[in-house]
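Enquirer: What shape does this take:
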Amino acid sequence: MTLRRRWRLILRVSIATGGAFAVATYVLGHQQAFFAPIAAVLALTAGVGMRVRVTFELVLGVAVGVLVGELLILGIGRGAWQIALVSALTVAVATLLGIKGMALTQAVNSGLLLAAVVPLPGVTDPALTRFLDALVGGLFGLAMVVLIPRDPVRDIDSDVQRLLRRLGGVLSRVAQALRTDDAALADLALEEARAAQSLVDAVAQTATNVAEVARMSPMRWRQRDDVARYVDSVTDLDNAIRDARVLARRVSAMLRHRESAPPGLDEAVDRLVVAVGIFADELAQSDEFDQAREELVEAARIAMASLPEIITVNTASIAAQIRSLSADLMLASGATRAELDERLDFD
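Expert: Next comes the predicted model:
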């Protein structure tokens, strides 16, 4: 099952590395084309949403490294102290040019390889060879992302569903805590909401990745609207998780202080759970969004109506957080702020 899910990556890596090596060796005539397949792998496995940038940094870093390394080697030769000097000067030059991150790493690597690897007799200028190999490998890596892309909607939908299921579980515990006056259950919900931050981070990374794929690959252009809907929802889902943390913390504080939960608050949270379940089916499809939004509006209405005449900081905060959750989830589903003002403005 794991191999089946990664067939695209296996195919991309094999074609990119083999193709880059073949072009560098048989087309360009390089006899030591080891960096072409390495550059292809670096471009393919770069951080999400950074493949174009990483390819540019590969070429830029290599250019600086080969320039410094070649100039020094021509004058001082190869050896241990020469390698140390090449490393130091490469970092210094790159720093002065404002180069950092991947580009700095490749600059140093390029200088070191030129200083450490003795070229074969009759081999083309190693500086030019290294530069061209980086270019070929990076372009092959990008080509595989474009020609054999992952399904961006499936990727982000999977992550969003996991996040929404976690949010639904947190809210279900909060509702049960309100019904049973169980502060320990609210504390457990709070711990789960805090642990959900890793899922939020994963969704944000996936959103960056799928946006890049949908933008670069013609095969995925038809999915750009769906991808954009998911990407636009990330901030609002992050806010919803934060709201859930505050909600769980306030419910816990209220119950620990022996305050009675106003009737209706548990029902309001249950309405949120229903709406989250609808969104979790597939955020890209809006057929049932009207029903989900109705649940969210009703959750906010019930929460505000449940406030007693004499309110405490905790009860007021709980009602406010339920309303905030309703608003953020409506925004995640594509609602406008004007719609929020109209539907969540209760007298």
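
Enquirer: Quick check: buried residues in the helix or strand harbouring residue 318?
Expert: Using DSSP states H and E, residue 318 sits in helix 313-332. Of the residues in helix 313-332, 314-315, 317-332 count as buried by neighbour count, 16 or more other Cβ atoms under 10 Å. Using the backbone N, CA and C atoms, a C-beta is placed for each residue, glycine as well.

Enquirer: try stretch 26-36
Expert: Counting neighbours by 16+ other Cβ under 10 Å, one finds that the buried residues in stretch 26-36 are 30, 32, 33, 35, 36.

Enquirer: can you check stretch 86-105 too?
Expert: Buried residues in stretch 86-105 (16+ other Cβ under 10 Å): 86, 87, 90, 91, 93, 94, 99, 102, 103, 104, 105.

Enquirer: nearest to residue 307, of these?
Expert: Nearest to residue 307 out of the buried residues of stretch 86-105 is residue 102 (Cβ to Cβ; 54.0 Å).

Enquirer: which outside residues touch stretch 314-323?
Expert: 243, 246-247, 250-251, 253-254, 257, 259, 261-262, 265, 268-269, 272, 299-300, 303-304, 306-308, 344 (Cβ atoms under 8 Å, 6 or more residues apart in numbering).

Enquirer: Got a ChimeraX select line for the buried ones in the residues you listed?
Expert: Those of those that count as buried under 16+ other Cβ under 10 Å are selected in ChimeraX with:
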select :243,246,247,250,251,253,254,261,262,265,268,269,272,299,300,303,304,306,307,344
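
Enquirer: Which ones among the contacts of stretch 314-323 map onto helices?
Expert: 243, 246-247, 250-251, 253-254, 265, 268-269, 272, 299-300, 303-304 (DSSP state H).

Enquirer: What is the nearest of these to residue 13?
Expert: Using Cβ to Cβ, residue 243 is the member of the ones in helices among the contacts of stretch 314-323 that lies nearest residue 13, at 41.2 Å.

Enquirer: Name all residues that make contact with that closest one.
Expert: For residue 243, the contacting residues are 321, 324, 325, 328, by Cβ under 8 Å, 6+ apart.

Enquirer: Closest to residue 235 out of these?
Expert: residue 328 (8.9 Å).

Enquirer: From what I see, the closest one and residue 244 are in contact.
Expert: No: the criterion here is Cβ atoms under 8 Å, and residue 328 misses it with residue 244 at 9.7 Å.

Enquirer: Could you report the separation of the closest residue to residue 218 other than its chain neighbours from residue 216?
Expert: What sits nearest to residue 218 in space, not counting adjacent residues and going by Cβ to Cβ, 6 or more residues apart in numbering, is residue 146, at 7.4 Å. Using Cβ to Cβ, to the nearest Å, residue 146 is found at 5 Å from residue 216.
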